[in-house]
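Asker: based on what follows, work out the 3D shape:
(chains A and B)
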Amino acid sequence: DGGITQSPKYLFRKEGQNVTLSCEQNLNHDAMYWYRQDPGQGLRLIYYSQIVNDFQKGDIAEGYSVSREKKESFPLTVTSAQKNPTAFYLCASSRGRAYNEQFFGPGTRLTVL
Amino acid sequence: QQPVQSPQAVILREGEDAVINCSSSKALYSVHWYRQKHGEAPVFLMILLKGGEQKGHDKISASFNEKKQQSSLYLTASQLSYSGTYFCGTEIRANYGGATNKLIFGTGTLLAVQP
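Answerer: The predicted structure follows:
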């Protein structure tokens, strides 16, 4: 079955440590997105990529980094520069343009202690 | 740039109707609607691409007023399964008139349907 996987579902890290969240899709989608969700604030775009080896900053990119070396993978690194990293992180993909439906992964809940 | 959704929350009895509004301060290229249940990923409902477009399936439909930069989601004869948080995602129209290829989501409308 095609879909998007994110791992792990729950992640705990100590303050000051970098952490990488995994996102893999087998839908053959060109575009991939990372969102952050905090209570009462909806989904905010961190980074997005429309093709391999290219990505753009979203609205809240500071303290995050991404790579897009393969079409099916779009990992997100939460660096120690991110001041408030505890949140629910969602990865999504679409056929290429934002006006196409976005398919979301199950999310990773990151807690920084 | 974040679209404003209203109401923030609504409680319904099964069978009642609801309207959720999404308003942007920017010209829009497209509007998406998603529903998210607690702790789960958002699920796609529909996309509206053209001003004046209306779409729907089953008892959920939506409209897009491009001139007013607004979209509305209509839920009729609500069912328990409709409960969740509804988000609109707006794609702002670029200066040249085309798509910007990224969505900006509203803060969501919590819908609770009671028996």
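Asker: tally of neighbours for the closest residue to chain A within chain B?
Answerer: Using Cβ to the nearest Cβ, B:A41 is the residue of chain B that sits closest to chain A, at 3.8 Å. In short, each C-beta sits where N, CA and C put it, glycine included. Counted with other Cβ atoms under 10 Å in any protein chain shown, residues neighbouring B:A41 total 18.
Asker: that one in helix, strand or coil?
Answerer: Counting by DSSP: H, G, I helix; E, B strand; the rest coil, the backbone at B:A41 sits in coil.
Asker: shouldn't it be in contact with A:S93?
Answerer: No. Counting by Cβ atoms under 8 Å, B:A41 sits too far from A:S93 to count as a contact (11.8 Å).
Asker: ok, B:L12 - how many residues close by?
Answerer: B:L12 has 17 neighbouring residues, counting by other Cβ under 10 Å.
Asker: pull up the pairing partners for the helix or strand hosting it, direction included.
Answerer: Per DSSP states H and E, B:L12 falls inside strand B:9-13. In the sheet, strand B:9-13 lines up against strand B:109-114 (parallel) (DSSP bridges).
Asker: with just CA atoms, put the strand it pairs with into CSV.
Answerer: Extracted as CSV, the C-alpha positions of strand B:109-114 are listed here (Å, rounded to 0.1, in the frame of the first residue of the first chain):
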residue,chain,number,x,y,z
THR,B,109,-12.4,25.0,14.0
LEU,B,110,-13.2,22.4,16.6
LEU,B,111,-16.5,20.6,15.7
ALA,B,112,-18.1,18.3,18.2
VAL,B,113,-21.2,16.3,17.2
GLN,B,114,-23.2,14.9,20.1
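Asker: chain B: helices as residue ranges?
Answerer: Counting by DSSP state H, chain B has no helices at all.
Asker: for it, give me the ranges with low pLDDT.
Answerer: For chain B, the stretches flagged by pLDDT under 70 are B:50-55.
Asker: where does it come near chain A, residue by residue?
Answerer: Counting by Cβ under 8 Å from any Cβ of the partner chain, the residues of chain B close to chain A are B:1-2, B:29-30, B:32, B:40-44, B:47, B:49, B:87, B:89, B:91, B:99-108.
Asker: the strands in chain B, which residues?
Answerer: B:4-6, B:9-13, B:18-23, B:28-36, B:43-48, B:54-57, B:60-65, B:70-75, B:84-92, B:104-105, B:109-114 (DSSP state E).
Asker: in space, what's closest to residue 88 - neighbours in sequence excluded?
Answerer: By default, I'm working from chain A. Closest residue to A:F88 apart from its sequence neighbours, by Cβ to Cβ, 6 or more residues apart in numbering or on different chains: A:Q37 at 4.4 Å.
Asker: switch to chain B, that's the one I care about
Answerer: B:C22 (3.5 Å).
Asker: show me the contacts for residue 110.
Answerer: Assuming you mean chain A. A:L110 is in contact with A:11-13, A:19, A:21, A:78, A:85-89, counting by Cβ atoms under 8 Å, 6 or more residues apart in numbering or on different chains.
Asker: other chain: chain B
Answerer: With contact set as Cβ under 8 Å, 6+ apart, B:L110 has these partners: B:8-10, B:84-85.
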